[in-house]
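Just need the structure, nothing else, for what follows:
(chains A, B, C and D)
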Amino acid sequence: MPAPHEDLTGLDDVRFRRTVRDWIEANYPPELRNPPKRLHWAENKVWYYKLSAQGWLCPGWPRAFGGMGLSAAQQLIMLEELERHGCARTNDHGIVMVGPLLIQHGTKAQQDYFLPRILSGEHIWCQGYSEPNAGSDLAALRTEAVEDGEFYVINGQKTWTTLAQDANWIFLLVRTDKTAKKQEGISFLLVPMDSPGITVRPIVTLDLHDEFCETFFDNVRVPKANLVGAANKGWSMAKALLGFERIYLGSPKLSASAFARLRPLAERMGVWEDARFQDRYTALRLDLADLRALYQSFADRLRRGETLGPDVSMLKIWQTELFQRITDLLVETAGEHGAELEPMEGNRALNPAGLFLQARPATIYGGSNEIQRNIIARNVLDLPG
Amino acid sequence: MPAPHEDLTGLDDVRFRRTVRDWIEANYPPELRNPPKRLHWAENKVWYYKLSAQGWLCPGWPRAFGGMGLSAAQQLIMLEELERHGCARTNDHGIVMVGPLLIQHGTKAQQDYFLPRILSGEHIWCQGYSEPNAGSDLAALRTEAVEDGEFYVINGQKTWTTLAQDANWIFLLVRTDKTAKKQEGISFLLVPMDSPGITVRPIVTLDLHDEFCETFFDNVRVPKANLVGAANKGWSMAKALLGFERIYLGSPKLSASAFARLRPLAERMGVWEDARFQDRYTALRLDLADLRALYQSFADRLRRGETLGPDVSMLKIWQTELFQRITDLLVETAGEHGAELEPMEGNRALNPAGLFLQARPATIYGGSNEIQRNIIARNVLDLPG
Amino acid sequence: MELAEERAENLRLIRDSAAAIVPAQGDTRRIRALRFNEPGFDRTVWRQMAELGWIGLRVPEAAGGSGLGIAEFCTLAEMLGAGLTPEPLTEAALAAALLPAEHAAPVLSGTRIVLPAWQEAPNSLDAACASRLIGGRVTGRKSFIPMGAGADAFLVTTADGLALVAADAPGVGLATTKTQDGGHYATLTMTEAPGQPIDASMAPLIEEAALATAYSLLGLMERAFAITLDYLKTRVQFGRKIGSFQALQHRAVDLRIQIALSRASLDAAVACAEQTDMPWAARRAAISQAKARASDAAMTVTRAAIQLHGGIGYTDEYEIGLYLRKAMVLAARYGNAALHRDRFRALAPEDDDV
Amino acid sequence: MELAEERAENLRLIRDSAAAIVPAQGDTRRIRALRFNEPGFDRTVWRQMAELGWIGLRVPEAAGGSGLGIAEFCTLAEMLGAGLTPEPLTEAALAAALLPAEHAAPVLSGTRIVLPAWQEAPNSLDAACASRLIGGRVTGRKSFIPMGAGADAFLVTTADGLALVAADAPGVGLATTKTQDGGHYATLTMTEAPGQPIDASMAPLIEEAALATAYSLLGLMERAFAITLDYLKTRVQFGRKIGSFQALQHRAVDLRIQIALSRASLDAAVACAEQTDMPWAARRAAISQAKARASDAAMTVTRAAIQLHGGIGYTDEYEIGLYLRKAMVLAARYGNAALHRDRFRALAPEDDDV
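Numbering: from 1, shown residues only, chains lettered A, B, ... in the order given. Model (predicted):
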């Protein structure tokens, strides 16, 4: 375990926020502010290392494991400050997914081996959940791991593996019991990306970025020691991991940063003073303001120590669809420029088509909005199945 | 049978339209133009009798039965001219439903007895289809008719019986075989409204009108001679009757007459010149213009002698939802006046709340828009069930 | 924390006491009996409200009131909205807070009803006006006074300050226009009518009334949605509960989202309104944000509620239509959504959004 | 009826001949191979189009063209839109119709490509401009020339009339900006560039191009919808074809309605455009009605198509994204929906609606 860092858990919220803000402003690489796309490891590792050196890489981990040990309330403040400054999201699957998983379900040996390597940046993780025929219906996954002595042998294909080309480890959901019912018979495995039999193929997305990959497994062997928790019990562990992600997906950040592009674009196009533009602009502004209010009310519940229920998906639905409505207006406002491939006139702030395309998957990933609505209907509104 | 009237079937479309228009303009009671609500018999029988005397009451019936014998194309022209002049819809269930039913499926005796009485206005019909638990799911109807010697004995309840309080006959869908599957075991019965055991209770609607009724049947006896077609075969006859109604429900008339109220209201409220109002107004105007274009394309198919398929429901969906969007704007534009009970300042042309409420059921009746979308999905788009 | 606990206790008390007037299960017999008749509300219930301290809710304790805050008042407005309550409590309670001591007692006891009369044009929040108060005589015309036929006196805005004008004073005329919720708007005409000058400002009252009305909309949309959910869970068509149809489920979810946004927006506006050190413009912007959302959301929810009920939703007999009618009235009162979006744009500096 | 039959036969021939260029099953290999490279289209295909008579489609037979009407031209544009065809045929064919006889032959044979250059500001249909033609020399700047890098010459609007300017003439500069569909817009700068005066009017060309572009949008939205329907009928999640989910079914129906409205609106505009005795303003209003619907509907359909495809719709590799990209380009070309709604308001007298 690395040496313990300064304990910030005792600070009141105002001082904590100030401390975080000051440090971010002093240390965040200016050239990485408000990146238009998700950054690759080569681009943003400098920031990962800075957070690591400061001991701030893992706000939610207990201090005993090298984290900051922050409360939910403090984690939210930290998130707000990172978003406010326009910090890039790091390659954070080790931090937000694998770490918490191992802290809760890992063996002592797994914790001792993996956690320090996440903290140091030696291990960069990616997540192997989705498959071509198991997207919205994740429990339909078919990548299988068959026991062979002290090993599992993995065959199958994962997709939408975020930044797999940057990772040297992957945490996988695999089927270990084909006879069990859908959600059962699924296990959690940790696999080095340099294992023989793994092939990574980047997926080029509509905005011509390669944030995601397909990852193929052809007789990939991993020791049984790489199983997390009990065999065939991976599903419930995976579900539990998604808790914090659900409020994260509802953060006003994406909508706010797209919204901030409306005014410069409208000014450039000469329609800023147009009454119709102003009408739509103000309606979106209020949609965003109310998103902030709703987000805060969920954040307040986290701050009070409550666990958020499935109703937090309302945030994700509203946020992502608002994000799209904002980028729709960007494209419409830009006229012919709204269909250009590159930012307008070389100005990165005027990139209507790019933002429009980036907004498309928001309603699909993290559980499509259709699935979110199903969940709310069943589990919040208690409507019949 | 009444004496035959002038045969207009040979006129070309232009002359036919001119003939119809001239006669309507000369004969339609001016005080009944553009009625704000569906008229009762006492109010509009004068028009019924005029059409009857002219021989124009039943455009679609063969001339041999006292109708005009018009083609679909000519019927459409007649409908267009009636709508253009703002003519009230008559108590027309005998004309559009019972007549065609008897002409196709009735016995000679039924035709000889009933058809002249529809033509003369002696029999005014209402339609007994919907029930409290058989609305969208009409085939779930439970009103039953049990054989008793030469009689059927009817028990049950119908609802949404349009203008039942004005009618002296009702045509009923009743269940005559409870053991059969849903759509089977249903029969068509003709029942005098003065039969002992019938109770009519008007339903007051949101716009505080009594266009509809509940109709209760308590051991109502009718002779078996009042059965139309074969017993237990009523469902397919009823379905076939709905053909023409489906394009009728998509007529731009309701949307157009609501739209025509927008400008006077906006002028009265001082927002006619407002750019935002103009923007919404023009968008609705184009929605209406495109509805007209789509309606004409279906009407052209009728004119060419085609039978319209289930895709005609697209008209109904678009028309009714447009009607509602127009009345939404009326209410918003009127400020506090948009919630008044009576037309604004006594001016019948300024009645935003009344139109708003009248527009509500448009998406429900004639098969709710949800049902229409189901039908199009299955039968037009061929999507799986 | 002590303050927060006291606040929570107050809100709980308000909710409990509201149950005395607002039937918990949405029984609307009282509402139906009163509607479309003048004055459209019940003096007995009015006195009961007075006894519960509601009319003096925003009047300082020293002046004989309950001395409670905006949050408590808004919670009460929410309960009354859910109950479709016809009594013009929002208006009367806010007028009461402006009356000088010598007029307070009969008002607070519910024996005398004083309603504000400030509006001269539709869909306006402008308290400026053409009416005049000269030499103790008021001349002018006021419109859209909710339930004005039930007032004993009016607190009238004029270009020369507020005036208290008795309903039965010479030179006073009153006409009414029925509204869809069963109530009415009164139009007050004053020709040289005797008016007593009152030294107070109407503007804060209008702001607070707009916010309270937003809460009434919230209460009614929550109730309308609950009724609709119940219907979806019981109505059977095609052999299934209709609430099992995905298209209706998704529609219901979208309504739930509108309600959640409304509550968050309104609660944020109350928090702003209570911060007396916040600039007045910012507090008013927050109120506009709230009223815009509440007006739109209430109409969206109640319109959809009719559709989700199908045919029965179109009957006057069934409950759900009452909520649509009330939403129509309250969505437009104290400025509709479009007006408040405009006002928000004018009041809220863009930097505040960050 | 004879005329109608000839028309039907012409349209059938156009559809059949289009199949020579546009793969019937939506094979996009050619499109992908060409995209993001200049000139972004294929001269061999271009000559094939010329052989099929497409470039001269709107040129009278006496002048060496096919002499067909607007309806035939629009049907071709629809087919090309469905095929995501990158060749700037709409533009070239309309320019060809304006060229005098001495320039026609190489253009109609496809060996020389002349594209119109009229636009100076984004989202504008205004053919008036600041460019000048003085003493046979053109000075000015033209933007948004579709696939302009592939032109041998430009038909340029100036305040002094049309001019034909060779791409390689002295004083001519060309810059390009890539577009999402894999093509580009060219910006043409002319400084005292030699230009030959042409006696013709650009305005009808712009109108007809707007209408043809609306048809290209129609073709592409039909194809995108068909691809999406296929996907809904084959993709399985939760053990069911996703097209069996009611929420997706209803969404698909709403798209089908938009497409049906578009086709009806566009066909009505063609009927108007062909009525040469109809006032020019009314014909232009009908074109605006059509382009407004087509632009909006194509965006609605292709956006929804991505959503209905789920994750795979977000990959560049899968077909459906190409239709969204093309819709983005064509929805904005010759005026976006907002511009055409404005123009419709300005051009269409209200009485025409009755």
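
Name the residue of the stretch 1-150 of chain C that lies nearest to chain D.
C:Asn123 (23.9 Å; Cβ to the nearest Cβ). The C-beta positions use only the backbone N, C-alpha and C, and glycine is treated the same way.

quick one, what contacts that residue?
For C:Asn123, the contacting residues are B:269, B:335-336, C:332, C:335-336, C:339, by Cβ atoms under 8 Å, 6 or more residues apart in numbering or on different chains.

Select the helix or strand of chain A having the lowest average pLDDT value.
Least confident helix or strand of chain A, by mean pLDDT, DSSP states H and E, is helix A:243-248 with a mean of 74.

so the residue of the stretch 1-150 of chain C closest to chain D, which of the three states?
Following DSSP: H, G, I helix; E, B strand; the rest coil, the label given to C:Asn123 is coil.

give me the number of residues near the residue lying closest to it once chain neighbours are set aside?
For C:Asn123, ignoring the flanking residues on the chain, the nearest one in space by Cβ to Cβ, 6 or more residues apart in numbering or on different chains is B:Gly335 at 3.1 Å. Close neighbours of B:Gly335, defined as other Cβ atoms under 10 Å in any protein chain shown, add up to 22.

can you check A:Leu308 too?
Around A:Leu308 there are 18 residues (other Cβ under 10 Å).

circling back to that earlier point, which one among the contacts of C:Asn123 gets closest to chain A?
Of the contacts of C:Asn123, the one sitting nearest to chain A (Cβ to the nearest Cβ) turns out to be C:Leu339, at 11.8 Å.

How about the contacts made by the closest one?
C:123-125.

Next: A:His93.
A:125-127, A:162, A:167, A:171.

which residues of the chain fall in strands?
Picked chain A for this. Taking DSSP state E, the strands of chain A run over residues A:125-128, A:144-148, A:151-162, A:169-175, A:186-192, A:198-203, A:212-223, A:227-228.

right idea, wrong chain: chain C
Going by DSSP E, chain C shows strands at C:114-117, C:132-134, C:137-146, C:153-158, C:161-166, C:172-178, C:184-194, C:196-198, C:236-237, C:240-241.

want to throw those strands into JSON lines with mean neighbour count and mean pLDDT?
Formatted as JSON lines, the strands of chain C follow (neighbours: other Cβ atoms under 10 Å in any protein chain shown; pLDDT from 0 to 100):
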{"stretch": "strand C:114-117", "mean neighbour count": "27", "mean pLDDT": "98"}
{"stretch": "strand C:132-134", "mean neighbour count": "17", "mean pLDDT": "97"}
{"stretch": "strand C:137-146", "mean neighbour count": "22", "mean pLDDT": "97"}
{"stretch": "strand C:153-158", "mean neighbour count": "26", "mean pLDDT": "97"}
{"stretch": "strand C:161-166", "mean neighbour count": "22", "mean pLDDT": "97"}
{"stretch": "strand C:172-178", "mean neighbour count": "16", "mean pLDDT": "97"}
{"stretch": "strand C:184-194", "mean neighbour count": "21", "mean pLDDT": "98"}
{"stretch": "strand C:196-198", "mean neighbour count": "16", "mean pLDDT": "97"}
{"stretch": "strand C:236-237", "mean neighbour count": "16", "mean pLDDT": "92"}
{"stretch": "strand C:240-241", "mean neighbour count": "15", "mean pLDDT": "95"}
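
Which one of those strands lies nearest to A:Arg360?
Comparing the strands of chain C by their distance to A:Arg360 (Cβ to Cβ), the top pick is strand C:240-241, with 33.8 Å.

Please identify the residues of the stretch 1-150 of chain A in proximity to chain C?
Neighbours of chain C within the stretch 1-150 of chain A, by Cβ under 8 Å from any Cβ of the partner chain: A:Arg84.

which residues of the stretch 1-150 of chain A score low on pLDDT?
A:1-4 (pLDDT under 70).

from it, which residue is nearest to chain C?
Closest point on the stretch 1-150 of chain A to chain C, by Cβ to the nearest Cβ, is A:Arg84, at 7.6 Å.

quick one: the closest residue to chain D within the stretch 251-354 of chain C and C:Ala268, what's the gap?
For the stretch 251-354 of chain C, the residue closest to chain D is C:Arg251, as judged by Cβ to the nearest Cβ, at 9.1 Å. For C:Arg251, the distance to C:Ala268 (Cβ to Cβ, to the nearest Å) stands at 26 Å.

domain ranges for the chain?
Because you didn't say which chain, this covers chain A. Residue ranges for the domains of chain A, per automatic domain parsing: A:13-90, A:125-232, A:250-379.

think we crossed wires, I meant chain C
C:2-108, C:114-198, C:203-347.

can you tell me if the first one touches chain A.
No - figure legend: domain C:2-108 not in contact with chain A (Cβ under 8 Å from any Cβ); closest approach 11.0 Å.

My read is that A:Glu6 contacts A:Trp56, right?
No - the criterion here is Cβ atoms under 8 Å, and A:Glu6 misses it with A:Trp56 at 9.6 Å.

Which one's more surrounded, these two?
Neighbours were counted for A:Glu6 and for A:Trp56 using other Cβ under 10 Å; A:Trp56 has more, 21 against 9.

what's near enough to touch the nearest residue to the more buried one once chain neighbours are set aside?
Nearest residue to A:Trp56, sequence neighbours excluded (Cβ to Cβ, 6+ apart): A:Met68, at 6.1 Å. Residues in contact with A:Met68 (Cβ under 8 Å, 6+ apart) are A:5, A:8-9, A:55-56, A:58-61, A:74.

can we see that at 7 Å?
Counting by Cβ atoms under 7 Å, 6 or more residues apart in numbering or on different chains, A:Met68 touches A:8, A:55-56, A:58-59.

Just send these back as JSON lines, with distance to C:Asp277 too.
Shown next, in JSON lines, are the contacts of A:Met68 (distance: Cβ to Cβ, whole Å):
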{"residue": "A:Leu8", "distance to C:Asp277": "29"}
{"residue": "A:Gly55", "distance to C:Asp277": "38"}
{"residue": "A:Trp56", "distance to C:Asp277": "34"}
{"residue": "A:Cys58", "distance to C:Asp277": "38"}
{"residue": "A:Pro59", "distance to C:Asp277": "32"}
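
from those, which ones fall inside helices?
Taking DSSP state H, every one of the contacts of A:Met68 sits outside helices.

Residue of the stretch 51-200 of chain C nearest chain B, please.
C:Asn123 (3.1 Å).

I'd like to know how many residues surround A:Glu150.
9.

Which parts of the stretch 151-300 of chain C are helices?
C:203-234, C:246-274, C:280-309 (DSSP state H, counting those that start in this stretch).

now the shortest one and helix D:246-274, what's the angle there?
Right, helix C:246-274. 90 degrees (axes from the mean of the first three to the mean of the last three Cα atoms, to 10 degrees).

Taking the contacts of C:Asn123 together, which two end up most distant?
B:Met269 and C:Gly335 (14.2 Å).
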